[in-house]
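Asker: what follows is a predicted protein model with its sequence.
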Amino acid sequence: MKDYIYTLPLKVRDYECDIQGVVNNSVYQNYLEHARHEFLESIGNNFKALHEEGIDAMVSRIEIDYKTSLTSGDEFEVRLNIEREGVKLVFKEDIYRLSDSKLCAKGKVYTICLVNGRLSKGEVFDDLFAQYLV
């Protein structure tokens, strides 16, 4: 099994499902976003505090491959890794249903960093994520 630096367990709520009874495609992006925020909290920081220092991490691109649908009540995990690609940090996030360990979605979230409104390499994230970046 692949190693991940962070795992967030969640459960599908009824209102996240569409008329077909599966989680709506747009909701998966919320799951990925929530996992990134919780990961940052888990290492002792948060996006609000960074913003107040003039540091803003922003999504520049998202790729999601949908593999297996989640349905109401499913328990699942968002599993996360990070790598650096030039000025971008790339969060590789996989969503697995816990009942059968099926891969439900693969996400790749590209982020950029603005420091006081200007594009930056985001060295602050190199420091924050030093033990996780390969």
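Answerer: Yep, it's here. Residues are numbered from 1 along each chain as shown.

Asker: I figured residue 110 was touching residue 84, is that so?
Answerer: No: counting by C-beta atoms under 8 Å, residue 110 does not reach residue 84; the two are 11.0 Å apart. Bear in mind the C-beta positions are built from the backbone N, C-alpha and C, glycine included.

Asker: what's the overlap in contacts for those two?
Answerer: residue 90 (C-beta atoms under 8 Å, 6 or more residues apart in numbering).

Asker: in this protein, spot the helix with the most residues.
Answerer: helix 25-42 (DSSP state H).

Asker: which residues touch the helix or strand that that helix is followed by?
Answerer: Towards the C-terminus, the helix or strand next in line after helix 25-42, according to DSSP states H and E, is helix 47-52. Outside helix 47-52, the residues that touch it by C-beta under 8 Å, 6+ apart are 37, 40, 56, 57, 124.

Asker: of those residues, grab the buried ones for ChimeraX.
Answerer: Here is the ChimeraX command that picks out the buried ones among those, judged by 16 or more other C-beta atoms under 10 Å:
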select :40,56,57,124
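
Asker: flag the least confident of the contacts of helix 47-52.
Answerer: Ranked by pLDDT, those bottom out at residue 124 (90).

Asker: what residues sit buried inside the one helix or strand that residue maps to?
Answerer: According to DSSP H and E, residue 124 maps onto helix 123-128. Buried residues in helix 123-128, counted by 16+ other C-beta under 10 Å: 124, 125, 128.
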